[in-house]
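Trainee: Provided below are the primary sequence and the corresponding predicted coordinates.
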Amino acid sequence: MPPAWRRRPDVDGGRGGVALLLTTLRLGGARRESAALRQAWETRADYPGLAGLIDFEGCALWLARRLRQIGADTALASDLGGFVTRCARDIAASNLLVDAETETMLGFLTARGTPCILLKGAARRALAHQLPFADARATMDLDLLVPGPAARGLWDDLRAPPRGYALGFPDRNPRPRHHHLPALVGPGGVSVEIHTSVAPGIPAELTWQRLRSTATTIQRFGVETLVPSTTELLWDGMMHAVRSGARGFRLHQLLAASCIVATGGGAELREVRDRLARRSSAPPSLAGAWLDAATWLGGAGDGDPPAILTRSLQWRLAVARRLPASHRVLGVWADEASRLEFDLPPSRGVTGGLRPLGATLVRNAYRFWRLARAS
């Protein structure tokens, strides 16, 4: 039997669409089959709901670049390709705004004499020259780690004239002892978060010492700055995904880690798995599944993608084919199914918005779909 992504869209219930998407997104995983992949995108990539799934998963820019990399540029001229191209341009434009804010902030911090470490998306973008596709996913805000004693003064200076950064969420109550100060929004509309730690409960001094001791010094926009080691980037990405619950098991989160794996990050993976084994607070099923999926997407190992990754995306595609193309609607149905997979309780959004009956409806629909799929 041919691989799922080579089968006709009208006979496989969308499984081929998910398989084609995953095989194409995988870094280094399609070298031997690039010709067949090109043909599949150019002749059979008309799976209903696939455009909505790509948009929801936030992988359009990554996909557009991979299609060009395997020589499937013709696919970008189709209706689906046009949609992917438009989404990719939107993501790229948003990323450029974050870059502009990064340049402004690094110049300000240098003049002020405040050291910082770029975090999350800003750090990955700064390392794009050594991490493949590290700049190919959406970066919505700028996260900076500064020494704890310097954070409040920096935040106050950004709020004061002439900079006058606005509160990102003026109606939200301050969260004492949170790992970053309330988000600020600069003139370019980009949210800036001043971190004293990378996670709740970890002391600021310990965080700065740990990340600073293994950080890499780079030149970014003509300014010398610091970025975390790839191990810390992978660990922080996983823990951020775990804290996000089921929302962390989406492609845009997984792809951010896969670019580290693709560079031969075996040592990073071993260290992260060792840390995870010593940490009892992280849900083991979610963290383990997240690492396995990111590892496969990074091109490590042979064989099919992890079953839970394929199943999750097939469910989301099924929902996208039947319900309105809304991130909020798809998010509820997607995340509640993932929470069931990872033995997590119903999310507050479902129990508070749709009430417990809504959570039961979504979970039962997913159970029925799984039974029907297996038959």
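Mentor: Received the coordinates, thanks.

Trainee: Can you get me a residue count around the residue nearest to Ala204 when sequence neighbours are not counted?
Mentor: Among residues not flanking Ala204 along the chain, Gly148 sits closest, at 3.1 Å (C-beta to C-beta, 6 or more residues apart in numbering). (Glycine included, C-beta is placed from N, CA and C.) Neighbourhood size, Gly148 [other C-beta atoms under 10 Å]: 16.

Trainee: Nearest residue to the middle of this structure?
Mentor: For the chain, Gln253 is the residue whose C-alpha lies nearest the centre (C-alpha atoms, centre = their mean; 2.1 Å).

Trainee: Looks to me like that residue is in a strand.
Mentor: No: applying DSSP: H, G, I helix; E, B strand; the rest coil, one finds Gln253 to be helix, outside a strand.

Trainee: looking at it, the residue nearest to Ala204 is touching Glu205, isn't it?
Mentor: Yes: in this structure, Gly148 is within contact of Glu205 by C-beta atoms under 8 Å, at 6.0 Å.

Trainee: Per-residue pLDDT of Arg370, please?
Mentor: On pLDDT, Arg370 comes in at 93.

Trainee: you'd agree Pro200 is in a helix?
Mentor: No: the assignment for Pro200 (three-state DSSP) gives coil, which keeps it out of a helix.

Trainee: nearest residue to it other than its sequence neighbours?
Mentor: His179 (5.3 Å).

Trainee: same question, Gln314
Mentor: Gln314's closest residue in space is Val18 (C-beta to C-beta, 6+ apart), at 5.0 Å.

Trainee: Go ahead and confirm the one you found touches Leu317.
Mentor: Yes: between Val18 and Leu317 there is a contact under C-beta under 8 Å: 5.9 Å.

Trainee: Quick check: neighbours shared by those two?
Mentor: Common neighbours of Val18 and Leu317 (criterion: C-beta atoms under 8 Å, 6 or more residues apart in numbering): Leu53.

Trainee: number of nearby residues for the residue nearest to Gln314?
Mentor: Val18 has 27 nearby residues by other C-beta under 10 Å.

Trainee: quick one, phi psi at Ser197?
Mentor: Dihedral pair for Ser197: phi -150, psi 180, per degrees, to the nearest 10.

Trainee: State the distance from it to Val261.
Mentor: 26 Å (C-beta to C-beta, to the nearest Å).

Trainee: give the contact list for the residue nearest to Ala204.
Mentor: 196, 204-205, 208.

Trainee: Show the buried residues in the residues you listed.
Mentor: 196, 204, 208 (16 or more other C-beta atoms under 10 Å).

Trainee: Filter these down to the ones in helices?
Mentor: Counting by DSSP state H, the part of the buried ones among the contacts of Gly148 found in helices is 204, 208.

Trainee: for the buried ones among the contacts of Gly148, which one is nearest Leu106?
Mentor: Trp208 (17.7 Å; C-beta to C-beta).

Trainee: Against Thr102, how distant is the closest one?
Mentor: Distance from Trp208 to Thr102, by C-beta to C-beta: 20 Å.
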